[in-house]
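**Student:** Below: sequence and its predicted model.
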Amino acid sequence: MLRTSLAKKIIREVKNFIEEDLIMIDTSGTIIASTDPDRLGNFHEGAFLAASEKQMRIISKQDETILTGVKAGINLPLFHQHKVVGVIGITGTPESVLPYGELIKKMTELLIQENHYQDQFEWEARSLETFVFDWLLKDGPSTSIKKRAELLGINMDVNRQVILIEFQTVEVLMKTKTWHFSELNLELKDEDILVQWGQNRMILLLTSNESLTREALFTFLKNIQNQLQGYIGTKVFMGIGNSGSFSSLKDSYTEAERALNACTMDGTLIFEEDLRLEMILQAIPVKVKKEFAQRLLTPILAEKELLDTIQMYFTHHLSLKETAQAMHIHINTLHYRLRKVENLTGLELKKPRDLTTLYLACVLLEDSTIIIQ
């Protein structure tokens, strides 16, 4: 059966090539799309006969007085997989529309076929997305998951590692469907799995290759990242988990998410195994981060100049000279501000423990919801 939405789309596409009025009719003879809105929903006896007889029907001026709901022109049955799925009608004198009737018919059938494949791809993509979600976040390595994997033709005997891909622009995947990425040369294997993962993420379950060096894997993933950025036109971040088996791949997902959360504008591709301090910081609850940052920094939050100074000091690796130059201040002014920070916080920046405490407070400040006045 020809859907109304598809029929309207076909009318819009085909209308660009001819000036005559067009109608799309389902196999029951009901007009479901038309360049003439007044004809929508009407019964078209000529199209009904064309669908029943599976052959073109020419409608003459005389037929207008005999058949219900018809106008002079031609009615062409549309076939998909050897079945009539609808009829397209072209209004006009048969002599004028016949020459390009077959061309319009073929064009319309190609649009129907293309839509069918797109629907099939969408269904397969949704099935795969649901399977991966249940595998990694819901059912885990259950017997039912194994059976579903067999139905989907997924080899569960190979090791894989999870790569989480995030697009900076949230709406990007709402406009670009996952299967469109097949147009890119991502060099993925048949056993690799790439699915959409929410509004601005994708997940890649990459088949492990023991012969692939860490440097080669980085180069491979960087190429994928660059292609996606060029295709989508927005920043792409990637978090890479460690390799795992069918039963332990959930751990790889957790690692990939941890690595993705550690990505920055300067570091857009992060391996979980490279994380150090970030492992601890991500494990701290937001409430604790906020309380810790407030406890240490409340005395200087009201003086943005001091907060900027200490953050710049850490950015330039505790170099007084570079910090003063970056802030365009005299080094004596920098000394004065640092002493003021020490007085307000009760910390001594020459002591490793106090310096580390202040650094952590500044880092956790970024993850908290403290409002700087």
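**Tutor:** Okay, I see it.
**Student:** who's in contact with stretch 332-350?
**Tutor:** With contact meaning C-beta atoms under 8 Å, 6 or more residues apart in numbering, stretch 332-350 is reached by 296-297, 299-300, 305-306, 309-310, 313, 320, 323-324, 327, 354-355, 357-358. (C-beta placed from N, C-alpha, C; glycine too.)
**Student:** mind running it again at 7 Å?
**Tutor:** Residues outside stretch 332-350 that contact it (C-beta atoms under 7 Å, 6 or more residues apart in numbering): 296, 299-300, 306, 309-310, 320, 323-324, 354-355, 357-358.
**Student:** which element is the nearest residue to P299 once chain neighbours are set aside on?
**Tutor:** Among residues not flanking P299 along the chain, L344 sits closest, at 3.8 Å (C-beta to C-beta, 6 or more residues apart in numbering). Here L344 sits within helix 331-345, counting by DSSP states H and E.
**Student:** before we move on, what about T219?
**Tutor:** helix 214-232.
**Student:** Ok, I270 next?
**Tutor:** I270 belongs to strand 269-271, assigned by DSSP H and E.
**Student:** Just the mean pLDDT for that strand, thanks.
**Tutor:** Mean pLDDT, strand 269-271: 94.
**Student:** what's the following helix or strand after it?
**Tutor:** According to DSSP H and E, the helix or strand after strand 269-271 is helix 277-283.
**Student:** Which elements pack onto that next one?
**Tutor:** Judged by 3 or more C-beta pairs under 7 Å, 6 or more residues apart in numbering; DSSP states H and E, helix 277-283 is in contact with helix 249-261.
**Student:** packing partners for the helix it packs on?
**Tutor:** Right, helix 249-261 is packed against strand 160-167, strand 236-244, helix 277-283 by 3+ C-beta pairs under 7 Å, 6+ apart.
**Student:** out of the ones you listed, deepest packed?
**Tutor:** Across those, averaging neighbours per residue (mean count of other C-beta atoms under 10 Å) puts strand 160-167 on top, at a mean of 24.
**Student:** now do the same end-to-end measure for stretch 153-160.
**Tutor:** 16 Å (C-alpha to C-alpha, to the nearest Å).
**Student:** What are the buried residues along that stretch?
**Tutor:** Buried residues in stretch 153-160, counted by 16 or more other C-beta atoms under 10 Å: 154, 156, 159-160.
**Student:** got any ranges where this protein has weak pLDDT?
**Tutor:** The model of the chain has pLDDT under 70 over residues 1, 139, 170-183, 367-373.
**Student:** Quick one: the helices in it, in order.
**Tutor:** 4-15, 45-53, 94-97, 101-133, 143-152, 172-175, 214-232, 249-261, 277-283, 286-301, 304-315, 320-327, 331-345, 352-367 (DSSP state H).
**Student:** Distance to I74 for those - can I get that in JSON lines?
**Tutor:** Listed next are the helices of the chain as JSON lines, based on distance: least, C-beta to C-beta, whole Å:
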{"stretch": "helix 4-15", "distance to I74": "14"}
{"stretch": "helix 45-53", "distance to I74": "9"}
{"stretch": "helix 94-97", "distance to I74": "6"}
{"stretch": "helix 101-133", "distance to I74": "5"}
{"stretch": "helix 143-152", "distance to I74": "45"}
{"stretch": "helix 172-175", "distance to I74": "38"}
{"stretch": "helix 214-232", "distance to I74": "42"}
{"stretch": "helix 249-261", "distance to I74": "57"}
{"stretch": "helix 277-283", "distance to I74": "67"}
{"stretch": "helix 286-301", "distance to I74": "68"}
{"stretch": "helix 304-315", "distance to I74": "74"}
{"stretch": "helix 320-327", "distance to I74": "77"}
{"stretch": "helix 331-345", "distance to I74": "85"}
{"stretch": "helix 352-367", "distance to I74": "68"}
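**Student:** where's the closest residue to N209 other than its chain neighbours relative to P94, distance?
**Tutor:** Nearest residue to N209 in three dimensions, chain neighbours excluded: L217, at 7.9 Å (C-beta to C-beta, 6+ apart). The gap separating L217 from P94 is 65 Å, by C-beta to C-beta, to the nearest Å.
**Student:** what do you get for A262?
**Tutor:** 70 Å.
**Student:** Same question for I165.
**Tutor:** Counting by C-beta to C-beta, the gap from I165 to P94 is 56 Å.
**Student:** Got the domain ranges for the protein?
**Tutor:** 4-117, 158-281, 284-367 (automatic domain parsing).
**Student:** TSV please, covering those and showing distance to A149.
**Tutor:** Output for the domains of the chain, formatted as TSV (distance: least, C-beta to C-beta, whole Å):
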stretch	distance to A149
domain 4-117	24
domain 158-281	8
domain 284-367	36
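**Student:** From the centre of this structure, point out the most distant residue.
**Tutor:** Within the chain, Q62 marks the point farthest from the mean C-alpha position, 55.7 Å out by C-alpha atoms, centre = their mean.
**Student:** what are the phi and psi values for that one?
**Tutor:** Per-residue torsions, Q62: phi -70, psi -40 (degrees, to the nearest 10).
**Student:** can you name the two of the buried residues of stretch 153-160 that are farthest apart?
**Tutor:** For these, the maximum inter-member distance is 13.5 Å, found between I154 and N159 (C-beta to C-beta).
**Student:** circling back to that earlier point, how about the helices of the chain, which one is nearest V85?
**Tutor:** Among these, helix 101-133 comes nearest to V85, with 6.5 Å by C-beta to C-beta.
**Student:** Next up, phi/psi of Q168, please.
**Tutor:** The phi/psi pair for Q168 (degrees, to the nearest 10) is phi -60, psi -40.
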